[in-house]
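# Next come a sequence and a model predicted from it.
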Amino acid sequence: MVSSNRFSIVNPSKSPIFYGYVVLLIGTIGIWASIPGQTIGVSVFTDPVKDALGLSRNQFSNAYMIGTIVSSLIIGRAGIWFDRYGARYVAFFAAIVLALAVLFCSWSVQISNFFKQLLNQDTWMVPFVIMTFLFFMLRFAGQGVLTMASRNMIMIWFDKNRGKVNAFSSVALSFGFSSSPLWINVLIESNGWQGAWQILAVGLLIFAFFVLQLYKNRPEEHGLVPDGVKTSKVQDADPVTETLQYTLPQAKATRAFWMYGLILAFNSFFITGLAFHVVSIFGSEGFSKDDAISIFLPGSVVAVTVSTVFNFLSDYLHLKLYLYLMIFGGLLASVGLLFLPSVIGIPFLVGGFGLMGGFFAVLNAMVWPRFFGRTHLGAITGKIMSFLILASALAPPLFSLCFSTFDSYRPLGYLGLAFLVFLGIASIKANNPQ
């Protein structure tokens, strides 16, 4: 009990309301705080930073890809840290590392010039290597560790009401992430790209203090249980003691682990590739840039609506239904990509990636604690996170390779259809291991 609240003056057992709602709020803010390490937060800096460093767009993108891939290879270790040390310490150090990474990014030109002088080499390789390392730090600490620790903590504090609280969190995150390019751009225009990154770094350091005070690992450590039942004898009131607690190797031995993990990875691959090349994709079919950009607003509306409704229903429905609805969304999006110039193209594409995004928000939070228990949740979600990060890293170059090889993005539509049909058949027996 003492160690679980070390360095914190906040005692959940004395909270006038169930402390899980505080966890829900601060955990959601924690995922917001990962924005500087997310693609949507980095993309606003692309043009001014690459120009200042003397990198081409391809060089800058490749540095981002390599840094992301490397982070995906070791993110599983962070999941083990989560299980061993808990959400408080893991999220605290992730926020500190992310703040340092953002701060170093603001000094990237100075660091690059220093090493150029030290090595007596005026070459693009110096800023390329520096940005690759900084992107690794950003992606590992931001998209990876801070996001995973914050989401897992919320899920651990709830059981029967997971769907309802995830509905709130999903809606808040959708609006927070979708608005982030706007306010980050305001910071850049007002303070320059270096000043903007420095402001974000200071904000992350302040947030790290609140992580240490308000993040709490498990309700049982404070005489509470998930959903708010208070007891002096935790062992008599814990409603999840009969749930099988799967280790990562045991979870990987189930079909459900791979089927749900693969559909979530496909979503990351498709959405990242689409967002990265959307202007080129639409331009290759005769559409304007405005037409390309305009698809994201209705897609976001579909995603928020789906995630809100089905998060609430997830406390009562089997998640396998959600798996097949997400596969159906992927099929729609793939058909939309194939027949983009036709009357069904854009509606299918928008509806498809909206459905996938909505069900992603549900399944990525709900599946793992419900199917495999809470004891090894960090290791399991860390492995899944590595799938998602790797898929998002591979998408831009594979989309680009497809277009340069076939002068069209349509082969990716056929590839998506084939993969999703396979996934649909293989998922027939992907039942809840519990």
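The structure has been received and is ready for your questions.
# Quickly find the element holding Leu262.
helix 255-283 (DSSP states H and E).
# The most centrally placed residue in the chain and Ala333: what is the separation?
A centroid search over the chain (CA atoms, centre = their mean) returns Gln143, at 5.4 Å, as the residue closest to the centre. Using CB to CB, to the nearest Å, Gln143 is found at 22 Å from Ala333. C-beta coordinates here come from the backbone N, C-alpha and C atoms, glycine included.
# just Ala256 next, same as before
Ala256 is 23 Å from Ala333, by CB to CB.
# more crowded one of the two?
Ala333 (30 against 22; other CB atoms under 10 Å).
# CA atoms of stretch 35-54 as CSV?
In CSV, the C-alpha atoms belonging to stretch 35-54 read as follows (Å, rounded to 0.1, in the frame of the first residue of the first chain):
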residue,chain,number,x,y,z
ILE,A,35,0.4,13.7,-29.6
PRO,A,36,4.0,15.1,-30.1
GLY,A,37,5.0,11.5,-30.7
GLN,A,38,2.1,10.6,-33.0
THR,A,39,2.2,11.0,-36.8
ILE,A,40,-0.5,13.7,-36.6
GLY,A,41,1.7,15.7,-34.2
VAL,A,42,4.9,15.3,-36.1
SER,A,43,3.5,15.9,-39.6
VAL,A,44,2.9,19.6,-38.9
PHE,A,45,6.6,20.1,-38.4
THR,A,46,7.7,18.3,-41.5
ASP,A,47,8.2,21.1,-44.0
PRO,A,48,9.9,23.7,-41.7
VAL,A,49,12.2,21.1,-40.1
LYS,A,50,13.3,19.3,-43.2
ASP,A,51,14.1,22.6,-44.9
ALA,A,52,16.1,23.8,-41.8
LEU,A,53,18.1,20.6,-41.8
GLY,A,54,18.6,20.5,-45.5
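# For it, buried residues please.
For stretch 35-54, burial by neighbour count (16 or more other CB atoms under 10 Å) applies to 35-39, 41-42, 44-45, 49-50, 52-53.
# Also stretch 172-179?
Within stretch 172-179, the residues scored as buried using 16+ other CB under 10 Å are Ala172, Leu173, Ser174, Gly176, Phe177.
# now the residues you listed as JSON lines including secondary structure?
As requested, those are exported to JSON lines (DSSP: H, G, I helix; E, B strand; the rest coil):
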{"residue": "Ala172", "secondary structure": "helix"}
{"residue": "Leu173", "secondary structure": "helix"}
{"residue": "Ser174", "secondary structure": "helix"}
{"residue": "Gly176", "secondary structure": "helix"}
{"residue": "Phe177", "secondary structure": "helix"}
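# which element is Ile188 on?
Per DSSP H and E: helix 162-214 holds Ile188.
# What average pLDDT does that helix get?
The average pLDDT for helix 162-214 rounds to 90.
# elements contacting it?
With contacts taken as 3 or more CB pairs under 8 Å, 6 or more residues apart in numbering; DSSP states H and E, helix 162-214 sits against helix 20-33, helix 39-42, helix 46-53, helix 57-106, helix 147-156, helix 296-313, helix 345-372.
# Perfect, that will be all.
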